[in-house]
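>>> Provided below for reference: sequence and predicted model.
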Amino acid sequence: MRPCQATRSKTMASTIASITLPVSADRVWQLIGGFNSLPDWLPYIPQSELSEGGRIRTLANPSGDAIVERLEVFNDEERYYSYSILKAPFPSRDYYATLRVKPAGETTSVVEWAGCFAPVGVSDEEVVRLFHGIYTDGLQALAQKIMEVPALGVGTFRLQGEAAFDSVRNALEAGYRVIDTAQIYGNEAEVGAAIAASGVPRSALYLTTKIWIDNLSRDKLIPSLKESLAKLRTDYVDLTLIHWPSPGDAVALKEFMEALAEAREQGLTRQIGISNFTIDLMQQAIEVVGAEAIATNQIELHPYLQNRKVAEFARQNGIHVTSYMTLAYGKVLSDPTILAIAERHQATPAQVVLAWAMRLGYAVIPSSTKRANLESNLKARELNLSDDDMAQIGALDRGERLTSPQGLAPAWD
Ligand SMILES: NC(=O)c1ccc[n+]([C@@H]2O[C@H](COP(=O)([O-])OP(=O)(O)OC[C@H]3O[C@@H](n4cnc5c(N)ncnc54)[C@H](OP(=O)(O)O)[C@@H]3O)[C@@H](O)[C@H]2O)c1
């Protein structure tokens, strides 16, 4: 695309930045294909306000200067829009930019942000550098946002038959859009049925499943995932995890990580990740597929088992942590420290624990068979704990692991 095409000017400065994302163009466009969605992924533009039927957006930047932009072209089919700037604290005028999402294969896309402008009081190079920096930072923030594992979802471990159906149905009605299941839970069909019955569109959901240890070999992993998809009544999941590393290395880590990456290439899963991986296993997985390909390591993590070494290693490598059994299967909910914090905030103990984990940057997937608990857990997103609350919960760590099945668990860190 020629950025200045629209103005037919040869004298204007111009720049173009692009990023390749391991996500289909449709999904990226879904996220950014609105003129009002830009501030969501530009951290330094916290808010926008639309006017004139969505044709004008006013962005507030942190220094309080308003940027007023006008939508010039919006093409949903070809996935791009162009806008001009009417007012901004930039040393430029005649600003015209286009944001475009292009497919690059079924599950890969390229996002391009191109602009042209006339410098005012600065050199061409300076103004180009300014906008190139803004575009590059913005696209990187977009990449981060699009690959984020959502902060709060609902788990389905132990839920069978009607209990699984009801729990997922209630969760969807309460507003959950993120559901965690696994092949071994034996409830993928009920999860799929509950989603179908809810009427919530597939595109609004973030579904995770996990490959059981019997299906780790190259010839089984993808067929087993296709079976999961059939049960879930979908043609892709958002995230597929290796549930546990292969006991006794029966299947080589390289083999199942490559098969998992292949599943992503085939569009069966948008992201891939691992679960119950130690630092050593994470390191090995990184060597096979690269850290950037691993969306999360889902591990047992709650106030009594804070798993700091594993979480720190993951953080250093840019791998997100998902905390499972955040409530320690209910055990931490009667802890006196948690109860006192809950009382101070007029919150439930579960909300306190979930808010603690989320503030540490972990995703959480608490499960419940009760509608009231599902509803109140969702509200943990609104609870802001103080630094002192965080420190008090931080002090509850006692290395108490609840999940360590014999013959399955690796040598924990
Ligand atoms: N990757 C893995 O190997 C792995 C292992 C374990 C779990 N997981 C995932 O993580 C999810 C969460 O773990 P989990 O289900 O084992 O444990 P959890 O979420 O820590 O605890 C669930 C228990 O807490 C209770 N509970 C939930 N909300 C509550 C509230 N507001 N007040 C009081 N009690 C409440 C539930 O009882 P009620 O039903 O009575 O509300 C249930 O007994 C699982 O469902 C699964 O998806 C993954």
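Ah, there it is. Residues are numbered from 1 along each chain as shown.

>>> find the nearest non-adjacent residue to whatever residue of the stretch 51-200 of the chain ends up closest to the ligand, please.
Per C-beta to the nearest ligand atom, G155 is where the stretch 51-200 of the chain lies closest to the ligand, at 2.3 Å. C-beta here means a position set from N, CA and C on the backbone, and glycine is covered the same way. Using C-beta to C-beta, 6 or more residues apart in numbering and skipping residues adjacent in sequence, the residue nearest G155 is S367, 3.7 Å away.

>>> do the same with A104
V110 (5.1 Å).

>>> if we can go back for a sec, okay, and the beta partners of the residue of the stretch 51-200 of the chain closest to the ligand?
D180 (DSSP bridges).

>>> go on, T58?
E49, V68.

>>> ok, it - how many residues close by?
Neighbours of T58 under the rule other C-beta atoms under 10 Å: 15.

>>> could you do W412 as well?
Neighbourhood size, W412 [other C-beta under 10 Å]: 16.

>>> can you list the low-confidence ranges for the stretch 201-350 of the chain?
Scanning the stretch 201-350 of the chain for pLDDT under 70 picks out 203.

>>> strands along that one, start to end?
Secondary structure of the stretch 201-350 of the chain (DSSP state E, counting those that start in this stretch): strands at 206-211, 237-242, 269-275, 294-300, 320-324.

>>> what's stretch 32-46 in contact with?
Here stretch 32-46 makes contact (C-beta atoms under 8 Å, 6 or more residues apart in numbering) with 31, 47-48, 50, 54-55, 57, 59-62, 67, 71, 74, 76, 79, 81, 83, 99, 101, 111, 137-138, 141-142, 145.

>>> could you do stretch 372-388 as well?
151-152, 154, 167, 170-171, 174-176, 341, 345, 347-348, 350-352, 354-356, 358-359, 364, 366, 368, 393.

>>> show the buried residues in the contacts of stretch 32-46.
Applying a neighbour-count criterion of 16 or more other C-beta atoms under 10 Å, the buried members of the contacts of stretch 32-46 are 31, 48, 57, 59, 61, 67, 71, 79, 81, 83, 99, 101, 111, 138, 142.

>>> can you give me the offset of the longest helix seen in the chain from its chain's centre?
In the chain, with assignment by DSSP state H, the single longest helix is helix 124-146. Helix 124-146 sits 21 Å away from the centroid of its parent chain (C-alpha atoms, centre = their mean, to the nearest Å).

>>> give me the mean pLDDT for it.
Regarding helix 124-146, the rounded mean pLDDT is 90.

>>> and that helix, what does it pack onto?
Counting contacts by 3 or more C-beta pairs under 8 Å, 6 or more residues apart in numbering; DSSP states H and E, helix 124-146 is packed against strand 13-21, helix 25-32, helix 38-41, strand 92-103, strand 109-119.

>>> worst mean pLDDT among the ones you listed?
helix 38-41 (a mean of 74).

>>> give the closest residue to M257 in space, chain neighbours not counted.
M257 sits nearest to V288 (C-beta to C-beta, 6+ apart), 4.2 Å away.

>>> follow-up on the earlier one: ok and the longest helix of the chain relative to strand 109-119, angle-wise?
Interaxial angle, helix 124-146 versus strand 109-119 (axes from the mean of the first three to the mean of the last three C-alpha atoms, to 10 degrees): 150 degrees.

>>> got a list of contacts for helix 124-146?
Counting by C-beta under 8 Å, 6+ apart, 13-19, 21, 23, 27-28, 31-32, 38, 40-43, 90-92, 111, 113-115, 117, 119 sit against helix 124-146.

>>> what does stretch 20-31 give?
37, 40-41, 76, 79, 101-104, 106-111, 142-143, 145-147, 203, 264, 267, 270-271, 293.

>>> could you dump the strands of the stretch 201-350 of the chain to a markdown table with mean neighbour count?
A markdown table is the format used below for the strands of the stretch 201-350 of the chain (neighbours: other C-beta atoms under 10 Å):
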| stretch | mean neighbour count |
| --- | --- |
| strand 206-211 | 26 |
| strand 237-242 | 26 |
| strand 269-275 | 24 |
| strand 294-300 | 26 |
| strand 320-324 | 24 |
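
>>> looking at these, which is nearest to L402?
strand 294-300 (6.5 Å; C-beta to C-beta).

>>> centre of the chain to that closest one, how far?
Relative to the chain's own centre, strand 294-300 is displaced by 12 Å; criterion: C-alpha atoms, centre = their mean.

>>> and it with strand 320-324, angle?
Going by the same axes, to 10 degrees, strand 294-300 makes 30 degrees with strand 320-324.

>>> which secondary structure elements does strand 294-300 sit against?
Against strand 294-300 (3+ C-beta pairs under 8 Å, 6+ apart) you get strand 237-242, strand 269-275, helix 279-289, helix 308-316, strand 320-324.

>>> flag every residue of the stretch 51-200 of the chain that's near the ligand.
G155, T156, F157, D180 (C-beta under 6 Å from any ligand atom).

>>> please report how far the third one lies from S367.
F157 sits at a distance of 6 Å from S367 (criterion: C-beta to C-beta, to the nearest Å).

>>> higher neighbour count, the two?
Higher neighbour count among F157 and S367: S367, with 23 against 17, using other C-beta under 10 Å.

>>> just the element for the more buried one, please.
Per DSSP states H and E, S367 falls between elements, in no helix or strand.

>>> returning to what we had before: so which of the helices and strands packed on helix 124-146 is the most surrounded?
strand 109-119 (a mean of 22; mean count of other C-beta atoms under 10 Å).

>>> now for that one, which elements pack on it?
Using 3+ C-beta pairs under 8 Å, 6+ apart, strand 109-119 sits against strand 13-21, helix 25-32, strand 92-103, helix 124-146.

>>> what lines up beside that strand in the sheet?
Next to strand 109-119 in the sheet, as set by DSSP bridges, lie strand 13-21 (antiparallel), strand 92-103 (antiparallel).

>>> of those strands, give the one that comes closest to S275.
Closest among those, once you apply C-beta to C-beta, is strand 13-21, at 23.9 Å.
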